[in-house]
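In: A predicted structure for the sequence below; I have some questions about it.
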Amino acid sequence: MKSWPLSLIALVSLSGCGLRPVYGGGSHGAVAQALGNVEVAPIEGKNGWLMHNALDDRLAAMRGGTGPRYRLVVKLDDQISGFGLRADAAITRERRTLRARYQLIDEATGAQLLDDTAGSDAGIDVTSSEYATIAAEDTALERLSQTVADQIVTRLALFSRKGANP
């Protein structure tokens, strides 16, 4: 008796489960078209500049020629808290937390289509070098901006896929 390869069995079992790719149709698909119509509103501060660029990088790749139909408004909460104390009460670890509350606004009507949050955090070693610690905090902010931007764009894609456009 011939045995079936495990990958073939998995493929056959998935064909009937109703899974559909979010970005079906590539750059001409409904999700990519909707995301391409989102413009990111300016966000205050250095963390806002990083977040705006991270979001714009992801959305600009899908832009067409029609111009923005939706505005994405993002408000950030960036916190650094110390923990991990040595015997002399010096902090040895920090946690940087970046949270974003974002709203998707229809430019034509002013209606709020989506109101949600995203966030992530990162641990930072505090060293005896203040420069090294500041560099680690900045690097953590850059990584967190990328991670939170990915979360936001994923949520927008899922929202637009449900037919709510975007």
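Out: Received it, and whenever you're ready, just let me know what you need. Since this is a predicted model, take the numbers as computed values, not measurements.
In: which residues does residue 38 form beta bridges with?
Out: On the basis of DSSP bridges, residue 38 is bridged to residue 70.
In: hmm, residue 156 and it touching each other?
Out: Yes - under the criterion of CB atoms under 8 Å, residue 38 makes contact with residue 156 at 6.7 Å. In short, each C-beta sits where N, CA and C put it, glycine included.
In: counting residues, name the longest helix you see in the chain.
Out: Secondary structure assigned by DSSP state H gives helix 130-159 as the longest helix of the chain.
In: and residue 81, how far from residue 156?
Out: 29 Å (CB to CB, to the nearest Å).
In: show me which of these two is the more surrounded one.
Out: More crowded of residue 81 and residue 156, by other CB atoms under 10 Å: residue 156, with 25 against 11.
In: just checking, residue 140 touches residue 97?
Out: No - using CB under 8 Å, residue 140 is not in contact with residue 97; the gap is 9.8 Å.
In: for residue 69, the count of nearby residues, please.
Out: If you count neighbours by other CB under 10 Å, residue 69 ends up with 15.
In: just give me the neighbour total for the closest residue to it other than its chain neighbours.
Out: Among residues not flanking residue 69 along the chain, residue 37 sits closest, at 4.1 Å (CB to CB, 6 or more residues apart in numbering). Neighbour count of residue 37, defined by other CB under 10 Å: 19.
In: quick revisit: who has more neighbours, residue 140 and residue 97?
Out: Neighbours per residue (other CB under 10 Å) separate residue 140 from residue 97, with residue 140 holding more: 21 against 15.
In: just the helices in the chain please.
Out: Under DSSP H, the chain gives helices at 6-15, 30-35, 45-60, 130-159.
In: most neighbours per residue, which of those helices?
Out: Stretch with highest mean neighbour count among the helices of the chain: helix 30-35 (a mean of 20; mean count of other CB atoms under 10 Å).
In: gap between residue 49 and residue 107?
Out: Using CB to CB, we find residue 49 at a distance of 23 Å from residue 107.
In: what of residue 43?
Out: In this view, residue 43 and residue 107 are 18 Å apart by CB to CB.
In: of those two, who's got more company?
Out: residue 43 (20 against 14).
In: for that one, give me the pLDDT.
Out: The per-residue pLDDT reported for residue 43 equals 96.
In: now do the contacts for it.
Out: Shown in contact with residue 43 (CB atoms under 8 Å, 6 or more residues apart in numbering): 49, 51, 52, 74, 75, 76.
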